[in-house]
Every structure is written in structure tokens, then in C-alpha cells.
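> here is a sequence with its predicted model. Questions after.
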Amino acid sequence: MNAAISEKLDAFNRKPFQKREGSRAGSFAEEKLFLLPLPVSPFELAVWKVATVQYNYHISVERMNYSVPYEYIKHQVDVRLTRFTVEVFFSGTRIASHPRLHGRPNQYSTQEAHMPPDHQKYLQWNGERFIQWAEKIGENTVAVVRLFLTSRQVEQQGYKSCMALLKSADQYSPTRLEAACKKALSFSPLPSLKSVQSILKSGQDKLPPEETVQSKNETRQHRFTRGAEYYKRGK
């Protein structure tokens, strides 16, 4: 049937027009030179959404995170989603494009050009390199570095704190930094960079454990106006 239709279609296209010269086949031969090739990829249906650029210069769409130039922080943007692409527009101008993420929620797609300058200068470093550096100092420094890298939504946002630790090792010595990290972890399971720096500046890392325990006991004793001996006097 298809072969018969093809034969009839060819004859129909070569049939002269009734009201003007030529045929459909002749007109097509003239226009064929001006035709453009079909797109490499087929047309994709798109969904549009509105998102706000967060302080970490990312937008959250469909439980995934995509970076945009940091200059657009706090601005609303239009997001065009297809099966394979995420495009971000501001006032009708495309400002970012990412391959669409699939699978595990809360993944991040981050482009170097979108980072603020103070984040870009850490690009020669990465989480693995910071951990390798910390391992040369001690297990407590490693623990603090891992916390800095995992406590932020974007790993690169922890690089600044890790770099500050690295400089502290040069300023105070690796031995003191390891002791300060150990002290900070004894105070809190989630120590901050500021707490480690405060310990180093005040020299608390130099105090032996006995003095720290004694200091804590003294603090506890002063919380009570009457000790246990007071209540034994009447017996």
C-alpha cells in the first residue's frame, strides 16, 4: 500500500497547476536550495518556574540546585526546564545553563564563572586536598576540616575556613593547631573557625588537661551557695 501511495503521490506532485504554470515538484525543486536542515535534537517540551537566587548563588528547582552568577543573589529569575537542560533567565536574558540533574535529591551543579572572586581563588584546592593536608597534622584537625566541608550547602563555601586553618598552622605551628582543634572539639561537636582561633590566641591549647578539669570543677563548685559539708554540721 505504501509503495502504491508513493507512486500516486509522485504523479500528483508532477501534475501541472490549474491556474498557473509549473507543478508542485517544480516549486519544491526551486525552494529546496533555501531549506534549512532539521535540528540535530528533536523539540522538547519545557516547563517554566520562578526561583529566587539564594545567598550561596544557587537556585533550588525540583529539589536540585543550580548556580547562577553571584551578582544575581536575592533576585527572582525565570527557569526553563526540559528533560535534559535547565536554563535561567533574568529580564528575558539567559544568564545560566546547566545539564539537568536527576536521581538523588539536593545535588549541586556549580560553575566556576558563577562564583564570587573570594571563592574562585580556592579552586586550586578541593576537599580532598584539604583533608590530605589535615592528615599531616593530626586526627583532630582532620575532624574539624571535615566539619567545615560538610556543614555548608556548597563544599566550596567551606574552603575559606579550611584555608584560615592552614594559615593558623603557619602562624602558630601545626602542633598547636592540632591541640586547639582537640580543645575545640571537647567544647562542642560542631566547633567554628572562630572558636579554634580564639583558643590559639588565648593560649588555651597550651594548658594541660588537668588544669582544664580543675577549672571546670571550680566553676561547678561556685554554682552552689552551700556545699555538702554545710548540711553535715547539724548531725
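In hand now; what should we look at?
> let me see the mean pLDDT of stretch 196-212.
Mean per-residue pLDDT for stretch 196-212: 80.
> separation between the residue positioned nearest the centre of the chain and K183?
By C-alpha atoms, centre = their mean, the mean C-alpha position of the chain lies nearest to V154, the distance being 3.2 Å. Taking C-beta to C-beta, to the nearest Å as the measure, V154 and K183 are separated by 28 Å. Every residue, glycine included, has its C-beta placed from N, CA and C.
> quick one: low-confidence parts of this protein?
118-124, 153, 209-235 (pLDDT under 70).
> what about V40, distance to E128?
Taken as C-beta to C-beta, the span from V40 to E128 is 37 Å.
> quick one on the thing from earlier: how about the contacts made by the residue nearest to the centre of the chain?
N56, H58, Y108, T110 (C-beta atoms under 8 Å, 6 or more residues apart in numbering).
> bridge partners for the residue nearest to the second one when sequence neighbours are not counted, pull those for me.
Same thing as H58. Sequence neighbours aside, N65 is the residue nearest to H58 in space, at 4.5 Å (criterion: C-beta to C-beta, 6 or more residues apart in numbering). Judged by DSSP bridges, the bridge partners of N65 are S60, Y108.
> N65 against Q107, yeah?
Yes - proximity of N65 to Q107 meets the contact threshold set by C-beta atoms under 8 Å, at 6.9 Å.
> between the two, who's got more neighbours?
The neighbour comparison of N65 against Q107 (other C-beta atoms under 10 Å) goes to N65, with 20 against 12.
> confirm that C181 sits in a helix.
Yes - C181: assigned to a helix according to DSSP: H, G, I helix; E, B strand; the rest coil.
> count of residues packed around the closest residue to it other than its chain neighbours?
Nearest residue to C181 in three dimensions, chain neighbours excluded: N140, at 4.0 Å (C-beta to C-beta, 6+ apart). N140 has 21 neighbours, counted by other C-beta under 10 Å.
> just checking, what packs against the host helix or strand of N140?
N140 belongs to helix 139-150 when assigned by DSSP states H and E. Applying 3 or more C-beta pairs under 8 Å, 6 or more residues apart in numbering; DSSP states H and E, we find helix 139-150 packed against helix 127-135, helix 159-172, helix 174-187.
> let's see it at 10 Å
helix 127-135, helix 159-172, helix 174-187, helix 193-202 (3 or more C-beta pairs under 10 Å, 6 or more residues apart in numbering; DSSP states H and E).
> just the ones you listed: most buried one?
Each of these was scored by mean neighbour count; the highest is helix 174-187, a mean of 20, by mean count of other C-beta atoms under 10 Å.
> contacting residues for the residue nearest to C181?
By C-beta atoms under 10 Å, 6 or more residues apart in numbering, the contact set of N140 is 134, 177-186, 191, 196.
> need these in JSON lines (columns: distance to A169).
Listed next are these as JSON lines, based on distance: C-beta to C-beta, whole Å:
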{"residue": "A134", "distance to A169": "9"}
{"residue": "L177", "distance to A169": "5"}
{"residue": "E178", "distance to A169": "9"}
{"residue": "A179", "distance to A169": "12"}
{"residue": "A180", "distance to A169": "10"}
{"residue": "C181", "distance to A169": "10"}
{"residue": "K182", "distance to A169": "14"}
{"residue": "K183", "distance to A169": "15"}
{"residue": "A184", "distance to A169": "14"}
{"residue": "L185", "distance to A169": "17"}
{"residue": "S186", "distance to A169": "20"}
{"residue": "P191", "distance to A169": "16"}
{"residue": "V196", "distance to A169": "11"}
